[in-house]
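In: This is a predicted model, with the sequence first.
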Amino acid sequence: MARVLLVDDLAFIKRIEKRVLEGSGHEIAGDAKDGLEAIAMYKQLKPDIVIMDITMPHVNGLEALKKILDFDPKAKVIMCSAISHEKVLYQAVKAGAMEYIIKPFTTERLVATINEVLQN
Ligand SMILES: [Mg+2]
């Protein structure tokens with residue numbers, strides 16, 4: 001079981017993530033709509049895992065990832081974006097993201113990725 005922070009500017013994506021994760025026994029620690037909120041909420045909530053969108057207003061997912069890792073080098077962040085952002089996904093993994101999920105994702109892929117990251 002993990003406490004997960006969901007980060008996406010689209011509410012419906014977070015609703016899907018919430019339903020899938022709660023359905024597989026995980027807990028939603030909180031949700032953020034942009035990178036700025038994500039950084040603040042990470043510091044406040046100390047979630048086990050973050051699922052991070054890339055394209056968001058104010059502070060994007062890559063910048064938020066870097067800020068969170070500056071604060072907590074052991075942070076477990078999974079990037080979640082469309083394949084059209086493949087290059088940014090690569091940059092994110094280089095910067096320290098543990099995994100990535102391509103949108104649109106399947107329930108199985110999301111659950112498998114969370115469980116994989118939890119074991120690391
Ligand atoms: Mg977005």
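Out: Sure, I can see it. Numbers count the residues shown, from 1 in each chain.
In: Okay, and the beta partners of the residue nearest in space to the middle of the chain?
Out: For the chain, the residue whose C-alpha lies nearest the mean C-alpha position (CA atoms, centre = their mean) is residue 51; its distance is 1.3 Å. Partner residues in beta bridges with residue 51: residue 6, residue 78, with DSSP bridges as the criterion.
In: Residue 18 is in contact with that one, correct?
Out: No: here residue 51 does not reach residue 18: they are 10.2 Å apart, not a contact under CB atoms under 8 Å. Glycine gets a C-beta too; all of them are placed from N, C-alpha and C.
In: Now do the shared contacts for the two.
Out: Where contact means CB atoms under 8 Å, 6 or more residues apart in numbering, the residues bridging residue 51 and residue 18 through contact with each are residue 6.
In: The chain against the ion: which residues are in contact?
Out: Taking CB under 5 Å from the ion as the measure of proximity, the chain contacts the ion at 9, 53, 55, 56.
In: ok, so what distance separates the closest residue to the second one other than its chain neighbours from residue 73?
Out: Counting by CB to CB, 6 or more residues apart in numbering, residue 8 is the residue found nearest to residue 53 once chain neighbours are left out, at 4.0 Å. Residue 8 is 24 Å from residue 73, where distance means CB to CB, to the nearest Å.
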